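Trainee: Here's a sequence, model it:
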Amino acid sequence: MTNKAREWQDQKLKAAKLDYRLAIAVGIREGEKQLLQQIDEIFKEKELELAQLEYYQERRLKDLGLCGETGDILGDLGKFF
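Mentor: Numbering: from 1, shown residues only. All right, here's what the predicted structure looks like:
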């Protein structure tokens, strides 16, 4: 089922006069859907930030002068990675 079909189905369920238990289930489903969309956005933001992160190993190699500022490994050390 496509997203558009699910949205149409959700709207149809909200508009219909539903049994009390079914109405609760529809409300819970909508809340879960919103929560998952928020989590998805958070992960997308974090994914964009990954390129800016500096890992401990990179920072340590730079401190020791074994790695350039752009992350390239200097000298013969490159053969180990």
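Trainee: quick one: residue 61 from residue 67, how far?
Mentor: Distance of residue 61 to residue 67, computed by CB to CB, to the nearest Å: 4 Å. Where C-beta positions appear, they are placed from N, C-alpha and C, glycine not excepted.
Trainee: what about the helices in the chain?
Mentor: For the chain, the helices identified by DSSP state H occupy 3-15, 20-49, 56-63, in order along the chain.
Trainee: In this structure, where is pLDDT below threshold?
Mentor: Within the chain, the set of residues satisfying pLDDT under 70 comprises 1, 13-14, 69-81.
Trainee: 80 instead?
Mentor: Across the chain, the stretches falling below the confidence threshold (pLDDT under 80) are 1-18, 51-54, 58, 65-81.
Trainee: So which residue is dead centre in it?
Mentor: residue 43 (1.8 Å; CA atoms, centre = their mean).
Trainee: just wondering, since we're on it, how far is it from residue 17?
Mentor: From residue 43 across to residue 17, the span is 38 Å (CB to CB).
Trainee: Kindly report the same for residue 24.
Mentor: To residue 17, residue 24 is 14 Å away according to CB to CB.
Trainee: neighbour-wise, which of these two wins?
Mentor: For the pair residue 24 and residue 17, the greater number of neighbours falls to residue 24 (11 against 5), based on other CB atoms under 10 Å.
Trainee: Look up how far residue 31 lies from the more buried one.
Mentor: With CB to CB as the criterion, residue 24 and residue 31 are 11 Å apart.
Trainee: now do residue 25
Mentor: Taking CB to CB as the measure, residue 25 and residue 31 are separated by 11 Å.
Trainee: ok, the two, which is more surrounded?
Mentor: Each of residue 25 and residue 31 has its neighbours counted (other CB under 10 Å); residue 25 has more, 13 against 10.
Trainee: quick one: that one from residue 48, how far?
Mentor: Residue 25 sits 35 Å away from residue 48, taking CB to CB as the criterion.
Trainee: what do you get for residue 28?
Mentor: From residue 28 to residue 48 the distance is 31 Å (CB to CB).
Trainee: Could you do residue 23 as well?
Mentor: Note on residue 23: its distance to residue 48, by CB to CB, is 39 Å.
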